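K.L.:
compute the structure for the input listed below.
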Amino acid sequence: MGRVFWPGPVRRLLNGDGERIRDTLERLEARELVRSRLGSSVAGEPEFIFKHVLTRDVAYESLPRRERGPAHASVARWIEDTAGARSREFGELLAYHYLEAYRAAREVDEPSAPELRIRAFAALMDVAREARSRFAVAKATSSAERALELADGPAERVEALEELGSISLLDYQGERAWQTFREAVDLRLAHLPEDRLGIVAACARALESPLRWPGSMKRFPEPEVVRHYLQVGADHLDDEETIEGVRLLTARAFEPFGFGLTHEPTLGAVEVASAAGERAAEIALRLGRADLASAALDGASSSLVAMGLYGPAQPVVERRLSLADRIDDPWELADIYGMAAWESCMLGRYPRSEGYGMQGWARAGDSAEGVRAHILNWAAFSRFQMGNWDGVLELFDEAAELLRERLDDPPYFMAGIVGAAAFVRAAREEPDAALMRSLERIRGTVHSGSVIASYWLAWLRARGGDLAGALDALADGELVRHRVVQPFQEQVAAEILALAERWDDVPALLARARTYASEAGLLALPVHLDRLEGRAALAAGDRERALDLLRGARDGFDGLEARWERARTELDLAEALLGLGRIGEALARLEAAAPDLEAAGARIELRRLAQLRGRASAG
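P.N.:
The predicted model follows:
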């Protein structure tokens, strides 16, 4: 039975001596080999435990091997007979006994071996599904893997592969999910072609990793391979008005986003993809599946995200948020708030972004670790922009606990929080070499949003005086064909031009970035551009124009609640005012900047504050 046991199955194993079980147990308990427990997990049965597990192991090893298989099978049947409606509670125990019974029977070529294998496989699959439903990923994975080892024939192998793929999706192991579902599709095509809906379902689940969750993969598959499975699914879909149809339409909606690394989305492709997502959402809602409707709407907006058009994507984000109270799946819930945090952050709605992030973190609970990490990324990014740098480091510590062994080589979508934490440490002149190495590794993947790591590196290098290195990192953006993080790219480019004093390049950047900001409905980027233009005017000696532009930028940052950026702009204003001899106004601007600069602890800005104060005092 194991270390814990009940008299019922032991009685069955005593071959007619079951009437003596009570006396036997009393003698064993008196000798302190076993002890009875106050409660029991089996109704109507007292529960016992070996006092020392070694006692149980020695007793077990004394049994002849030929007797073990039938004994395990007998215990398994007792569990089935006794558990009844509570059979799921004993699934792991049942699987263990059928598996041991099968192994023993196979060793001696018992005729019962095939039937025991079938029962062991079924029990292991039940354990895997039940564990997955509780987000017990390790247990679910080990059970599915053992079931796959036992599988005999394509149908069982497909069943085990698809379960393992579902668990891998839950564990954010995208490459394994892609591989297992692909193998399942290929087996279905070769051996189970009549199950057309099953083929569609397996294709749709396989496509989730490369198209919707590319951050779960270290190596992105070749686009033509991904498109092959899209086509296989489409060829076997006879009715869109099904769960499987919804999933496949949703995969199609994510095409421009998933392929954004190598192919710049065209307007036509975006329209087709968005229509597929909207169609999938309509069907999902008719079928009563708000969770699938949310995923479909995510697909409908993903093309706009790939083009950096965050403003036009907002209505779809709001529709997803309106579904949240109808969804129980913590993964989908977390993604709703994670995407709302992401898109709000890129727009410049930083307090809203942080709020969505922390709300999603709370509603996801302790499950859905991959998407919870994504949520922390954008909440930390927004805290950075708001000047809450201690809050950035607090969230980074949470992320480090979540990622554990993956922290040294984090997924690309964590570049925001890694970059923000690295920047804070460096700005406070407490550089963290490990964080810088992580940024370099993420940069090296050049995978979709991984390019954001390049922009953090560019900014850090420019602040450190390495302008050539900064421009080299900034050029990584030319390697990708999407505009997912273009708001941040343009912000950093504006910083680098000012630090490098490349004022002749400013007009071209302003023209390009203002056009993009207008198309995308961005709130923060125009403020950064106003400040750059003001800095350029100040460098050109046009102090009055500089004052107008810098005041506008200062007020803009204030409206965004971007306190550190507002304080830095106050320094620029103070410098312009000092140049005009307006010392009292300059001092007022410096005093307004001081609290937020001191809270951030950025040494460069604090030294500049002190230097400007000195100039004002001397003047």
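K.L.:
keeping just the C-alphas, turn stretch 55-63 into PDB.
P.N.:
The C-alpha coordinates for stretch 55-63 follow below in PDB (Å, rounded to 0.1, in the frame of the first residue of the first chain):
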ATOM      1  CA  THR A  55      10.400  -0.600   8.200                       C
ATOM      2  CA  ARG A  56       7.900  -0.500   5.400                       C
ATOM      3  CA  ASP A  57      10.700  -0.800   2.800                       C
ATOM      4  CA  VAL A  58      12.300  -3.800   4.400                       C
ATOM      5  CA  ALA A  59       8.900  -5.500   4.700                       C
ATOM      6  CA  TYR A  60       8.200  -4.800   1.000                       C
ATOM      7  CA  GLU A  61      11.600  -6.200  -0.100                       C
ATOM      8  CA  SER A  62      10.900  -9.400   1.700                       C
ATOM      9  CA  LEU A  63       7.900 -10.100  -0.600                       C
END
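K.L.:
begin at 19, not 1, for the rest of this chat.
P.N.:
Got it, the first residue is 19 from now on, which makes the last one we talked about stretch 73-81.
K.L.:
tell me the buried residues in it?
P.N.:
In terms of neighbour count (16 or more other CB atoms under 10 Å), stretch 73-81 has its buried residues at Arg74. Heads up, the C-betas are built off the backbone N, CA and C, glycines and all.
K.L.:
pull out the buried positions in the lowest-mean-pLDDT helix or strand in the chain.
P.N.:
None of the helices or strands of the chain scores lower by mean pLDDT, DSSP states H and E than helix 25-31, at a mean of 82. Neighbour-count burial for helix 25-31 flags 25-28, 31 (criterion: 16+ other CB under 10 Å).
K.L.:
do stretch 91-100 as well
P.N.:
Buried, per 16+ other CB under 10 Å, within stretch 91-100: 91, 93-98, 100.
K.L.:
so which elements touch the helix or strand containing Val93?
P.N.:
Under the criterion of DSSP states H and E, Val93 resides in helix 83-101. On a contact count with 3 or more CB pairs under 8 Å, 6 or more residues apart in numbering; DSSP states H and E, helix 83-101 meets helix 25-31, helix 109-125, helix 131-151.
K.L.:
tabulate the ones you listed in CSV, adding columns for distance to Arg422.
P.N.:
Below are these laid out as CSV (distance: least, CB to CB, whole Å):
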stretch, distance to Arg422
helix 25-31, 40
helix 109-125, 25
helix 131-151, 20
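K.L.:
now Gly20, what's its secondary structure?
P.N.:
Secondary structure, DSSP: H, G, I helix; E, B strand; the rest coil: Gly20 is coil.
K.L.:
neighbours of it, how many?
P.N.:
13 (other CB atoms under 10 Å).
K.L.:
that one touches Ala77, doesn't it?
P.N.:
No - if you go by CB atoms under 8 Å, Gly20 and Ala77 don't touch, sitting 11.5 Å apart.
K.L.:
how much space separates the residue nearest to Ala440 when sequence neighbours are not counted from Ser400?
P.N.:
What sits nearest to Ala440 in space, not counting adjacent residues and going by CB to CB, 6 or more residues apart in numbering, is Leu453, at 3.9 Å. Counting by CB to CB, to the nearest Å, the separation of Leu453 from Ser400 is 19 Å.
K.L.:
higher neighbour count, the two?
P.N.:
With neighbours defined as other CB under 10 Å, Leu453 and Ser400 compare such that Ser400 has more, 32 against 22.
K.L.:
run through the strands of the protein in chain order.
P.N.:
Assigned by DSSP state E, the strands in the chain fall at 22-23, 52-54, 66-68.
K.L.:
tabulate the ones you listed (a markdown table), appending distance to Leu46, mean pLDDT and mean neighbour count.
P.N.:
Output for these, formatted as a markdown table (distance: least, CB to CB, whole Å; pLDDT from 0 to 100; neighbours: other CB atoms under 10 Å):
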| stretch | distance to Leu46 | mean pLDDT | mean neighbour count |
| --- | --- | --- | --- |
| strand 22-23 | 11 | 85 | 16 |
| strand 52-54 | 5 | 88 | 15 |
| strand 66-68 | 8 | 89 | 19 |
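K.L.:
so for Ala311, which of those sits nearest?
P.N.:
The minimum distance between Ala311 and the strands of the chain falls on strand 22-23, with 45.2 Å, by CB to CB.
K.L.:
what sits up against the helix holding Val93?
P.N.:
19, 26-27, 30-31, 60, 63, 78, 81, 105, 107-108, 111-112, 115-116, 118-123, 125-126, 128, 130, 134, 137, 141 (CB atoms under 8 Å, 6 or more residues apart in numbering).
K.L.:
what about 6 Å?
P.N.:
Contact with helix 83-101 is made by 19, 27, 30-31, 108, 112, 115-116, 118-119, 122-123, as judged by CB atoms under 6 Å, 6 or more residues apart in numbering.
K.L.:
state the mean pLDDT of that helix.
P.N.:
The average pLDDT within helix 83-101 is 85.
K.L.:
Arg40: which of the helices and strands packed on helix 83-101 is closest?
P.N.:
Comparing the helices and strands packed on helix 83-101 by CB to CB, helix 25-31 comes nearest, at 7.5 Å.
K.L.:
mind giving me the packing neighbours of the closest one?
P.N.:
helix 83-101 (3 or more CB pairs under 6 Å, 6 or more residues apart in numbering; DSSP states H and E).
K.L.:
now the helix it packs on: how far from the chain's centre is it?
P.N.:
43 Å (CA atoms, centre = their mean, to the nearest Å).
K.L.:
how about stretch 143-163?
P.N.:
That offset, for stretch 143-163, works out to 20 Å (CA atoms, centre = their mean).
K.L.:
how about residues contacting that stretch?
P.N.:
By CB under 6 Å, 6+ apart, stretch 143-163 touches 106, 109-110, 113, 142, 165, 178, 181-182, 185, 189, 385.
K.L.:
any idea which of those is the one closest to Ala511?
P.N.:
Nearest to Ala511 among the contacts of stretch 143-163: Asp189, at 37.3 Å, using CB to CB.
K.L.:
and the gap between that closest one and Leu182?
P.N.:
10 Å.
K.L.:
more neighbours, those two?
P.N.:
Neighbour count, other CB under 10 Å: between Asp189 and Leu182, Leu182 has more, with 27 against 20.
K.L.:
show the pLDDT at that one.
P.N.:
Reported pLDDT for Leu182: 98.
K.L.:
how about it, nearest residue that isn't a chain neighbour?
P.N.:
Ala162 (4.3 Å).
K.L.:
and the one you found, how many residues sit next to it?
P.N.:
Ala162 has 28 nearby residues by other CB under 10 Å.
K.L.:
that one and Ser130, how far apart?
P.N.:
Counting by CB to CB, the gap from Ala162 to Ser130 is 25 Å.
K.L.:
which residues are in contact with Leu166?
P.N.:
Ala178.
K.L.:
so how far is Gln509 from it?
P.N.:
48 Å.
K.L.:
which stretches of the chain have low pLDDT?
P.N.:
33-36, 102-105, 278-281, 385-387, 423-425, 462-467, 499 (pLDDT under 70).
K.L.:
quick one on the thing from earlier: so which of the helices and strands packed on helix 83-101 is nearest Val250?
P.N.:
helix 131-151 (25.1 Å).
K.L.:
now that closest one, how far from the centre of its chain.
P.N.:
30 Å.
K.L.:
with stretch 340-349 instead?
P.N.:
17 Å.
K.L.:
endpoints of it, how far apart?
P.N.:
Stretch 340-349 has an end-to-end distance of 16 Å (criterion: CA to CA, to the nearest Å).
K.L.:
what sits up against that stretch?
P.N.:
Under CB under 6 Å, 6+ apart, the answer for stretch 340-349 is 308-309, 312, 351, 354, 382-383, 385-386, 389.
K.L.:
ok, which stretches of the stretch 169-318 of the chain are helices?
P.N.:
Secondary structure of the stretch 169-318 of the chain (DSSP state H, counting those that start in this stretch): helices at 172-188, 192-209, 214-225, 241-254, 261-271, 273-276, 285-304, 308-324.
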